[in-house]
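In: How does the following fold in three dimensions:
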Amino acid sequence: MLEFKEITLADRSWIEPLLAMGNNRGSEYTFSNNYIYRKIYHIRAARMQDYYIVRSGKDEKETSYLFPAGSGDIKPVLLAMMDDAALRGQPFRVHGVTKEQLAVVESLFPGRFQAQEVRDNFDYLYESSALITLSGKKLHSKRNFINRFQTEQEGRWRYEPITAENLEDCWQMNLKWCEQMGCGEDPSLMDEMCAVRNCFENFQALGLLGGALYVADEVVAYTMGRPLCADTFIVHVEKAFPQVTGAYPTINQQFVSHNCADFRYINREDDVGDEGLRKAKLSYHPAILLEKYALTMK
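Out: A predicted model of the protein is given here:
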């Protein structure tokens with residue numbers, strides 16, 4: 001029987017080695033992601049052999065499992081997950097499933113599952129070199145915005161990695177951003193604010209890296225993320241004041257250039273079905289649109 005529990009910071013010591021074994025590029029496969037959203041999505045974790053298993057759901061009566069991360073014989077692990085769902089009187093559901101994982105399930109349980117594409121959960125992965133150079137016609141507008149920012153703020157702007165010394169500057173900027181965006185009136189932004197607060201409160205404990213964009217002595221944009229797998233870095237948070245022209249593309253380029261250049265891909269997570277966010281992420285022309293599916297038993 002699987003024993004699920006809410007994850008704590010202490011669990012990072014056993015969870016991260018199993019995530020590294022899995023070497024998945026999906027945004028769900030980071031301890032930091034699971035930790036900062038643990039209360040919002042009632043995330044519970046269990047270990048079986050060398051596999052990390054996650055069960056979650058905003059409504060605990062309708063939960064779903066993440067495809068296990070780790071190494072070894074996965075069939076008994078999947079069977080144990082099915083038994084857990086049955087014991088709880090719920091249908092067995094698996095989310096965030098990639099095409100490669102679908103193939104594994106089909107080989108182990110031929111014809112027993114049906115898969116449904118979940119476009120809102122597709123992750124956007126970009127070549128780090130493309131985000132740094134922004135070369136070519138497709139990214140011409142991004143270069144123009146950065147040039148405009150640097151021209152308008154000439155002699156006034158600077159980039160700094162986030163440290164204990166400037167973390168509070170970034171938090172104050174985040175509070176102003178939320179006030180501008182009406183976070184208190186939007187349930188999805190309230191959830192995000194809760195997750196972001198966890199990033200700030202546990203910045204070092206979660207192994208996060210970040211960057212801050214200053215104009216004079218005020219932070220106008222910041223971002224945070226961490227290594228995801230062997231060749232991919234994930235960006236969890238990126239905020240910029242919309243009234244500062246070019247701040248978003250500038251923090252994006254500066255952070256990747258200073259902090260992520262050694263990784264081939266940058267995962268900038270999904271668009272949660274938001275049309276504006278989808279348009280913005282597509283405008284950077286992802287190298288990989290990581291398809292994800294939801295699995296249910298027939």
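
In: Just the strands from the stretch 151-298 of the chain, written as ranges.
Out: 157-161, 209-215, 218-229, 232-240, 265-267, 288-290, 293-297 (DSSP state E, counting those that start in this stretch).

In: Which strands border the first one, and is each parallel or antiparallel?
Out: Under the criterion DSSP bridges, strand 157-161 sits next to strand 209-215 (antiparallel) in its sheet.

In: still on that earlier bit, now that we have the strands of the stretch 151-298 of the chain, can you turn them into TSV and tack on mean neighbour count?
Out: C-betas here are computed from N, CA, C, even on glycine. Converted to TSV, the strands of the stretch 151-298 of the chain look like this (neighbours: other Cβ atoms under 10 Å):
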stretch	mean neighbour count
strand 157-161	16
strand 209-215	22
strand 218-229	23
strand 232-240	22
strand 265-267	25
strand 288-290	17
strand 293-297	17
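
In: Need those in TSV (columns: mean pLDDT and distance to Phe31).
Out: Below are the strands of the stretch 151-298 of the chain laid out as TSV (pLDDT from 0 to 100; distance: least, Cβ to Cβ, whole Å):
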stretch	mean pLDDT	distance to Phe31
strand 157-161	98	21
strand 209-215	98	14
strand 218-229	98	9
strand 232-240	98	11
strand 265-267	98	15
strand 288-290	98	19
strand 293-297	97	23
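
In: who wins for proximity to Ser141 among those strands?
Out: For the strands of the stretch 151-298 of the chain, proximity to Ser141 was assessed by Cβ to Cβ; strand 232-240 is nearest, at 16.1 Å.

In: what's in contact with the closest one?
Out: The contact list for strand 232-240, computed with Cβ atoms under 8 Å, 6 or more residues apart in numbering, reads 25, 27, 30, 32-33, 36, 125, 128, 173-174, 177, 195-196, 199, 208, 213, 220-228, 247-248, 251-252, 255, 259-260, 263-269.

In: Per-residue pLDDT of the residue lying farthest from the centre of the chain, please?
Out: The C-alpha centroid of the chain is most remote from Gly155, which lies 33.6 Å away (Cα atoms, centre = their mean). For Gly155, the model assigns a pLDDT of 97.

In: just the helices in the protein please.
Out: All helices of the chain, identified by DSSP state H, fall at 12-22, 31-36, 75-87, 99-108, 128-133, 140-152, 167-181, 187-201, 247-255, 275-282.

In: nearest to Tyr293, of those helices?
Out: Per Cβ to Cβ, nearest to Tyr293 of these: helix 99-108, 6.1 Å.

In: Tell me where the model's unsure across the chain.
Out: The chain contains no residues with pLDDT under 70.

In: again, only this time at 90
Out: 1, 58-62, 184-189 (pLDDT under 90).

In: What about Pro76, how many residues nearby?
Out: As a burial measure, Pro76 scores 12 neighbours (other Cβ atoms under 10 Å).

In: Pull out the buried residues from stretch 182-190.
Out: Cys183 (16 or more other Cβ atoms under 10 Å).

In: Can you give the distance of it from its chain's centre?
Out: Put simply, stretch 182-190 sits 19 Å off its chain's centre (Cα atoms, centre = their mean, to the nearest Å).

In: Give me the residues contacting it.
Out: Contacts of stretch 182-190 with the rest of the structure, by Cβ under 8 Å, 6+ apart, involve 178, 181, 192-193, 272.

In: what about that stretch, start to end distance?
Out: Using Cα to Cα, to the nearest Å, the end-to-end distance of stretch 182-190 comes to 9 Å.
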